[in-house]
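# Model the following, please.
(one chain, ligands or ions: 2)
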Amino acid sequence: MTRLFFASLILILSALNLQAKEGMWIPMLLEQKNLPEMQSMGLKLTAADLYSVNQSSLKDAIVLFGGGCTGEVVSDQGLILTNHHCGFGQIQARSTIEHDYLKDGFWAMSQKEELPNPGLTVSFLISMSDVTNEILKGVTPSMSMKERNDIIRSNASEIRKMATEGNHYEAQVRPFYYGNEYYLMIYEVFTDIRLVGTPPSNIGKFGGDTDNWIWPRHTGDFSIFRIYAGKDNKPAPYSKDNVPFKPRRHLSISLKGVQAGDFTFVYGFPGRTEEYLPFQGVDLAVNIVNPIRIALREIRLSIISSYSEKNDTMRLKYAAKHAGIANGWKKWIGESRGIKRMKGVEIKKEFENKFAQWAGVDEVAQSPFQGLPAAFEEAYTPYKKWKATETWLNESVLSVEAIRLARSFTPLVSLCSAKDSTDLSIKTLTQKYARSIDGFFKNYEMRIDRDILAAMLEMYIIKANGNAEQPTELSELYRTYKGNFKNAAEDLFEKSVFTSKKEISALLENFRRKDIKRIKNDPLYKLAIQLTEYNKRIVYPHIIAFDRKFDSLMPIYMKAQMEMQPDKKFFPDANSTLRISYGKIDGYSPEDGVTCNYYTTLKGIMEKENPEVYDYVVEPKLKSLFFSKDYGRYADASGEMRTCFIATNHTTGGNSGSPVMNGEGQLLGLNFDRCWEGTMSDLMYDPDRCRNISLDIRYCLFIIDKFAGAGHLVDEMTIIE
Ligand code: ARG
Ligand code: GLU
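Ligands and ions are numbered 1, 2, ... in the order given. All right, here's what the predicted structure looks like:
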C-alpha cells in the first residue's frame, strides 16, 4: 500500500484526464509540455510558429487590450479585433445623445474618421524569460518572509531596469506557481489607439445581461480598433501625424468554420484563476464570499434598473456600471452552483486526505509537507469572519459612488494639513480633482446613488449583523436616524458637497487651504473615512495576517502537489500573462435531459426577437438580410449564418477578445464568454461542463461587410476561403 498504491492511483487518474483540456499554458514552454498532445489533437504548427523571440510568430499578433482584455492584429495596417464589451468604455466615452455609437454603432469609412481614445493602451509581449534564479539570488531558507520579499523586490527592480535600458519597452517580473518560478515579461506599449468600428448594441450586446454567461448565445460581441505609431513604427502619444502601425504579424482569417471535434486553441491574457487552493479556500469563496456579493449586487442592480428602464439618459449613464456589476453577480452565482454540483469542496477534501497520507509516509523523517493541512485549517478558521466583514463593507456602503468620490479626496486633506505643503501644490492637486469631477458626474445620477446608500445601510446594519463585525459609527447612524435608512441617505446626500457637481466644482474653483474644513466636515467624507479607517484598523490586520500565512504555505503546497503527482502536467494559475489554452469544438449537457449543440445561427436571433424587451430588439437591416439570406461567402455549407460556437478551451476573465484559432493558426472566432454551468473553472475545471463561448468570425465579417457596408475593412484582412 501507501506510496506505491498512491503512485499508481495517480497514474490512472492522470491517464483518464488525458482528454480533459484543462489548462492555460505558458507559450514558451509548449514544446516540452504540450506540443505532442496538441499535435495529436490537430495542431499543424510547430512550437516556434506559436511562440518565438527570434522570428515572427503568432504571438506577435496577440495584444493585451487596455488593462484586462485581449485583442488580435488582423491586417498589415495595425487593425485589431476585440470584443464589443472590451471596447465598451471607449464606445460609451465617444458617444453623446446626438451621436450615440452605443446604440447606433460607428463605422469609420476612412482612416481620417477613426476616433482617438485617450488613456487606452495596447501591449505586445516582446519576450518572456525564466528569471527564477536571478530573482531568488540572496534568498536563504532561514529568512523571514519579509526579508525574502525585500530581496525579491530589489532583484526584480534590478532585472526590470536592465531589461529596459536603452530601449522603449516596459518590463514586468511575475511569480508563477506561487513563487516557485519567476518570469520576466517585456512589453511594447502603444498609446495611440483609435476606434474604427462597432456594431450597434443590439448586435454587439444582443441578449445583454439576460444572456450573459448563457449558452445558447447570439451576441455579435466585437469592436474594431487600429494601432497608430510614430513615423518610425514605434509607440508614440496621440498625434494626427501618427501612421497606422506595421505589425510583425497579423492573423489570417478562415471562412471554413468549425465542426464538432475540431481542434481549437485560444491565445490571450487570462486574468486570474485559483486552481490549487486547499478545500477551505474553495469553501470560503463559494459558500461565504460569493453569497454576500450576490445578495448585495442584486439590490444595487434592481435600483439602477428601476431608474434606467424608464429613462434613456440614465440608461446611457449607467450602461457600463450596470453591466460590470451584473457580470460579476451572475458569474459568482454560476461558480457557487458549479462547485456545489461537482462536489468541488468534497473533491478537494478527498485529495487532501490522500495528500496527508502521502506527506506522512514520506521517507524523509520530517516531511516539510506534513503539517500543511493543519496549518491551512488554522489559518482559515479565524479568517472566515474577517473576510466576510471585508466583503460586506466593500460591497455595501463602500460601493456607493459618492462615498468613493469623497474618499478619493483623502490626499487633498493630507496635503492641506501638511505644514510644509505649498499653496502651489494644493492648487495643482485641486485642478486635478476639478478635471476628474467632470468625468464622474458625466455618468452619475444622484437619486440612484442615494437609494443605493439607503439600501446598503439597511443591509449592513440589519442583515449583516451577526455575520460581520459592525463599526460603531454605523450603529450610531442607526440611532440618529431612528432606523429610517431612507431619511439617513437623504439627509447625508443633502448635506454633502460630493453629490452635486455645482457645489464641489465651486468649492474647488477658488480653493484655499482653510476650505479643507468643508471637506473634513462633510458627512459623506466622514462616513467614508470612518469605514475606511475601520477596515484599516480592525479588519485588515486580520486579512494581512492571513495573507502572510497563506503566502508562506501556498508555495510549499504548490510544490508538494507537483511532487505528489509527478506525471501530471501543471499549468500555473492565470496571472494576466500570455497563455495558450487548447481543446475541441464540443456541445455539452448543462443539466439532466438537456443537450446543447456547439453552434448557434442567425435564426436564433430572430427567435429571440422581442421589440418590447431592450436586450432582444433586432436591427431592421439585420432582419432584412436574414429574410433575403444575403450572407455571401460568410454562410456555412448549408447556407446558414452561424453566430457563435463553444469549445472546451479553458479560459477566464481577460480572455475576452482572444482569438480562437484552428490547427493552422487561422482565426475562427473571438472568445467572449463561458457557459454559466462552467464558471467554476476559475477554481476547478469540469471537462463535461466547462465551455468557452466564441463569436464565429464569419458573423463578425458579415456584420462589417453586409450589415455596415464597411467592406473596405474586410479587404484589409487576409481571408482564407
Ligand atoms: N461575461 C463576459 C465577461 O465576463 C461578458 C461581459 C460583458 N457583457 C455583459 N452583458 N455584461 O466579461
Ligand atoms: N467575458 C470575459 C472577459 O471579459 C471572458 C469570460 C470569462 O470569464 O471566461 O474576459
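# how far does the lengthiest helix in the chain sit from the chain's center?
For the chain, the helix with the greatest residue count under DSSP state H is helix 312-341. Averaging C-alpha coordinates over helix 312-341 and over its chain gives two centres that are 13 Å apart (Cα atoms, centre = their mean, to the nearest Å).
# Buried by neighbour count: which residues of that helix qualify?
Across helix 312-341, burial judged by 16 or more other Cβ atoms under 10 Å covers 314-323, 325-327, 329-339. Where C-beta positions appear, they are placed from N, C-alpha and C, glycine not excepted.
# Could you tell me how many residues sit around the residue in the stretch 351-500 of the chain positioned nearest to ligand 2?
Using Cβ to the nearest ligand atom, the point where the stretch 351-500 of the chain gets nearest to ligand 2 is Glu395, with a distance of 19.3 Å. Residues near Glu395, counting by other Cβ atoms under 10 Å, number 22.
# List the contacts of the closest residue to ligand 1 within the stretch 1-150 of the chain.
Residue nearest to ligand 1 within the stretch 1-150 of the chain: His85 (3.7 Å; Cβ to the nearest ligand atom). His85 sits next to Gly204, Lys205, Asp221, Ala323, Ser656, Phe672 when contact means Cβ atoms under 8 Å, 6 or more residues apart in numbering.
# Columns pLDDT and distance to Leu251 on top of those, output as a markdown table?
Conversion of these to a markdown table gives the following (pLDDT from 0 to 100; distance: Cβ to Cβ, whole Å):
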| residue | pLDDT | distance to Leu251 |
| --- | --- | --- |
| Gly204 | 98 | 21 |
| Lys205 | 96 | 24 |
| Asp221 | 98 | 18 |
| Ala323 | 90 | 28 |
| Ser656 | 98 | 17 |
| Phe672 | 98 | 17 |
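# any idea which of those is closest to ligand 1?
Within the contacts of His85, proximity to ligand 1 (Cβ to the nearest ligand atom) peaks at Ala323, which comes in at 3.6 Å.
# ok, then the element right after the one helix or strand Phe440 maps to?
Per DSSP states H and E, Phe440 falls inside helix 423-442. Later in the chain than helix 423-442, the nearest helix or strand by DSSP H and E is helix 446-458.
# contacting residues for the residue nearest to Leu277 when sequence neighbours are not counted?
Excluding the flanking residues, the one nearest Leu277 by Cβ to Cβ, 6 or more residues apart in numbering is Leu683, at 6.9 Å. Contact analysis of Leu683 by Cβ under 8 Å, 6+ apart lists Thr273, Glu274, Glu275, Leu277, Val282, Ala285, Val286, Glu335, Ile339, Gly344.
# could you redo these as TSV and give each row distance to ligand 1 and secondary structure?
Formatted as TSV, those follow (distance: Cβ to the nearest ligand atom, whole Å; DSSP: H, G, I helix; E, B strand; the rest coil):
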residue	distance to ligand 1	secondary structure
Thr273	14	coil
Glu274	17	coil
Glu275	18	coil
Leu277	21	coil
Val282	20	helix
Ala285	17	helix
Val286	18	helix
Glu335	12	helix
Ile339	18	helix
Gly344	20	helix
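# per-residue confidence averaged over stretch 405-420?
Mean pLDDT, stretch 405-420: 96.
# for that stretch, the distance to its chain's centre please.
31 Å.
# now do stretch 283-293
What separates the centre of stretch 283-293 from the centre of its chain is 19 Å, taken as Cα atoms, centre = their mean.
# Now that stretch - C-alpha only, PDB.
The C-alpha trace of stretch 283-293 is given here as PDB (Å, rounded to 0.1, in the frame of the first residue of the first chain):
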ATOM      1  CA  ASP A 283     -15.400  26.700   0.600                       C
ATOM      2  CA  LEU A 284     -14.800  30.300   1.600                       C
ATOM      3  CA  ALA A 285     -15.200  31.600  -1.900                       C
ATOM      4  CA  VAL A 286     -18.300  29.700  -2.900                       C
ATOM      5  CA  ASN A 287     -20.200  29.400   0.400                       C
ATOM      6  CA  ILE A 288     -19.300  32.700   2.200                       C
ATOM      7  CA  VAL A 289     -17.900  35.400  -0.100                       C
ATOM      8  CA  ASN A 290     -20.000  34.800  -3.200                       C
ATOM      9  CA  PRO A 291     -23.400  34.700  -1.400                       C
ATOM     10  CA  ILE A 292     -22.600  38.100   0.200                       C
ATOM     11  CA  ARG A 293     -21.600  39.700  -3.100                       C
END
